[in-house]
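J.: whatever this is, show me its structure:
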Amino acid sequence: MPSRRGGGNCRLAGITVGRVLHPVGSLPPRVYWKRRLLGIAVVLLLAVVPFLLFSGRGASEASVAEIPPPPRVPTATPQLELIPAQPLQTSTAAPTTTTPPVTTPPVTTPPVTTPPGTTAPPATPVLCTDEMLAVTAGAEQPQYSVQDKPTLLMMVKNVSAQPCVRDVGTTQQEWGLFDGDVRLWGSNDCLYQPGRKLQTLQPGQQVTLRVEWTGLTSDPDCAEPRRRFAPGEYRLSVRLGTAKDPDATLILR
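T.: Numbers count the residues shown, from 1 in each chain. Next comes the predicted model:
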């Protein structure tokens with residue numbers, strides 16, 4: 001009996017393998033082979049595609065997770081200063097060149113004497129330096145309403161002992177209003193018409209320069225909307241070229 005049962009299993013295995021290797025049916029064998037190959041391809045495709053999808057998604061999520069967000073840069077309120085002026089030239093002499101020394105006999109000239117009853121011609125004034133000037137800021141009134149158009153002043157005085165000449169035109173003038181260290185208005189913003197005006201200042205002489213302020217804020221690029229100042233105390237700073245004042249206070253009520 002055991003040998004008979006074992007023999008039946010061998011025959012069944014032989015029949016199954018034989019049918020797989022040699023399909024039997026009414027159609028040609030190549031038709032069955034094409035069907036079996038197509039079925040195997042479908043099974044492989046269904047097994048490989050999900051694996052590729054899950055692996056690709058995991059790689060993309062990992063790459064996205066590894067990219068840190070860009071750091072946030074805090075924005076700071078711009079701190080604007082008065083526009084600096086170019087330093088004034090104190091000498092226009094041409095550069096000297098090296099030439100061989102020429103020996104000439106000394107020439108004796110008699111001293112120049114002034115005839116009685118006449119005065120000597122005045123000396124040509126020199127260019128005023130910042131140390132020879134005192135610049136003071138102020139306003140025509142001690143207080144103004146926020147609806148007014150205050151007149152701001154710049155007093156320039158020659159504090160030296162000799163006359164001098166200085167350009168006091170609009171090219172050298174500038175007024176600025178500050179709230180603490182924040183610049184709110186400048187006279188040279190937007191509509192600015194530069195001009196030159198040479199002024200001879202005798203020792204102790206003072207000239208007063210004026211500008212009318214609209215009471216509104218401004219910026220150098222004229223890009224921000226202009227706003228009316230609120231009541232309070234503001235710092236007024238002026239300059240003439242590179243000569244500046246020690247600042248003053250403008251009160252708006």
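J.: now the helix or strand hosting residue 46: average pLDDT?
T.: Using DSSP states H and E, residue 46 falls within helix 29-66. If you average the pLDDT over helix 29-66, you get 66.
J.: and the next element down the chain from that helix?
T.: strand 126-127.
J.: for that next one, give the mean pLDDT please.
T.: pLDDT averaged over strand 126-127 gives 94.
J.: which parts of the following helix or strand past it are buried?
T.: Per DSSP H and E, the first helix or strand lying C-terminal to strand 126-127 is strand 133-139. For strand 133-139, the neighbour count (16 or more other CB atoms under 10 Å) marks 133-135, 137-139 as buried. C-beta coordinates here come from the backbone N, C-alpha and C atoms, glycine included.
J.: how about stretch 239-253?
T.: Quick answer for stretch 239-253 (16+ other CB under 10 Å): 239-241, 243, 245, 248, 250, 252.
J.: where in the protein is pLDDT low?
T.: 1-27, 31-32, 49-123, 191-192 (pLDDT under 70).
J.: okay, now the domains of it?
T.: 2-64, 126-252 (automatic domain parsing).
J.: what's the span of stretch 217-237, first residue to last?
T.: End-to-end distance of stretch 217-237 (CA to CA, to the nearest Å): 15 Å.
J.: so residue 240 makes contact with residue 172?
T.: Yes - using CB atoms under 8 Å, residue 240 is in contact with residue 172, at 5.2 Å.
J.: re earlier: quick check, nearest of the buried residues of stretch 239-253 to residue 221?
T.: residue 239 (20.7 Å; CB to CB).
J.: show me what contacts the nearest residue to residue 216 once chain neighbours are set aside?
T.: In this structure, residue 216 finds its nearest non-sequential neighbour in residue 226, 4.2 Å apart by CB to CB, 6 or more residues apart in numbering. Shown in contact with residue 226 (CB atoms under 8 Å, 6 or more residues apart in numbering): 216-218.
J.: which of these are buried?
T.: With neighbours counted using 16+ other CB under 10 Å, these contain these buried positions: 217-218.
J.: and the closest residue to residue 232 other than its chain neighbours, how close does it get to residue 125?
T.: Residue nearest to residue 232 in three dimensions, not counting chain neighbours: residue 252, with 6.1 Å by CB to CB, 6+ apart. According to CB to CB, to the nearest Å, residue 252 and residue 125 sit 40 Å apart.
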